[in-house]
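K.L.:
would you be able to build a 3D model of this:
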Amino acid sequence: MAAADNGASPSGSGYDDNDDDLIDPQASSSPDDGDRLSTDHEINSSFKSIPDDDLKSDGIPLDTPWTFWLDKSVPGASVAEYKHCLKKIYTVTTVQSFWRVFNNIPDVSLLSSRYSYHLMRNQRRPVWEDEINCQGGNWNFKCKKSDTAFVWKELLLALIGEQLVECMAQGDEIGGLSCSIRNKADVFQIWNVRSDLEEKSTIVEKVKSLLPEVNFWSVHYKTFQTHEAFEGHKVAG
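P.N.:
Next comes the predicted model:
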């Protein structure tokens, strides 16, 4: 399934909330928690409508379309339940349409705990079990909340600018990027389609070189099919 009772995100982040115990709350708390959008209604009503013509207008084309998604993690949810609450925001095809969407959705720093943003290649969904994702996994980078907005923006630009392509093994591909908001530290996940090629990647080194000022609390890779919450054929971890 897509979520587990151990606190894993239904988007497949594989992030266990118990890891928050390793974080110094003084170092990772956000000074603006009172300004966060705390309910589904507040978040949904904060999305600004963007005319279709604005997204289809001429501009600098991206190598592939990218789609923004939003979800709220519900521990124990099945894949079907997760898909039901997954919200597609917009698909962008140019640099200009990317900025129109980015500037008209709630800033990631305003999302409350257990919400996640995703930017996925083409129109694939942030679902482990989908055919295009199920053989892959993701790199997880945990950071303090004061760094979240900066890391999100910089990694989005690296993604649509295809700056991470050179880090991938032949036959592998970057599938997307997720930012999961948690209680004491937030988690970024970079998705790939071939977990068996993970060790040939230099993604971790690339991310650290792009963000030298950011101190990531932890970094690890997770293969979807080895996670206990994966609904489908599992492999030994």
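
K.L.:
counting by contacts, list what the helix or strand where Gln96 lies packs against.
P.N.:
Assigned by DSSP states H and E, Gln96 belongs to helix 95-102. Taking 3 or more Cβ pairs under 8 Å, 6 or more residues apart in numbering; DSSP states H and E as contact, the helices and strands that helix 95-102 lies on are helix 52-56, strand 61-72, strand 87-94, helix 148-160. For glycine as for every other residue, the C-beta is placed from the backbone atoms N, C-alpha and C.

K.L.:
out of the ones you listed, flag the one nearest Arg182.
P.N.:
helix 148-160 (10.1 Å; Cβ to Cβ).

K.L.:
helices and strands around the closest one, which ones?
P.N.:
strand 61-72, helix 95-102, strand 115-121, strand 174-180, strand 186-192, helix 203-210.

K.L.:
which residue of the protein sits farthest from its center?
P.N.:
Centroid-distance maximum for the chain: Asp58 at 27.6 Å, with Cα atoms, centre = their mean.

K.L.:
spatially nearest residue to that one (excluding sequence neighbours)?
P.N.:
Thr94 (7.6 Å; Cβ to Cβ, 6 or more residues apart in numbering).

K.L.:
right, and that neighbour touches Thr64 too?
P.N.:
No: assessed by Cβ atoms under 8 Å, Thr94 is found out of contact with Thr64, at 11.6 Å.

K.L.:
between these two, who's got more neighbours?
P.N.:
Each of Thr94 and Thr64 has its neighbours counted (other Cβ atoms under 10 Å); Thr94 has more, 18 against 11.

K.L.:
residues contacting the more buried one?
P.N.:
Residues near Thr94 by Cβ atoms under 8 Å, 6 or more residues apart in numbering: Ser57, Asp58, Gly59, Ile60, Pro61, Leu62.

K.L.:
just the pLDDT for it.
P.N.:
pLDDT for Thr94: 96.

K.L.:
now Val79
P.N.:
Reported pLDDT for Val79: 86.

K.L.:
before we move on, what about Ser30?
P.N.:
49.

K.L.:
residue contacts, the residue nearest the centre of the chain?
P.N.:
With distances taken as Cα atoms, centre = their mean, Ser178 lies nearest the centre of the chain, 0.3 Å away. Counting by Cβ under 8 Å, 6+ apart, Ser178 touches Ser11, Ser13, Ser116, Tyr117, His118, Pro126, Asn138, Val187, Phe188, Gln189, Trp191.

K.L.:
any idea what it is bridged to?
P.N.:
His118, Gln189 (DSSP bridges).

K.L.:
measure it to Pro212 for me?
P.N.:
Using Cβ to Cβ, to the nearest Å, one gets 22 Å for the distance from Ser178 to Pro212.

K.L.:
rewinding a little: same list (the helices and strands packed on helix 148-160) but as TSV, adding distance to Gly161.
P.N.:
Formatted as TSV, these follow (distance: least, Cβ to Cβ, whole Å):
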stretch	distance to Gly161
strand 61-72	9
helix 95-102	9
strand 115-121	12
strand 174-180	11
strand 186-192	14
helix 203-210	11
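
K.L.:
right, I'll leave it there.
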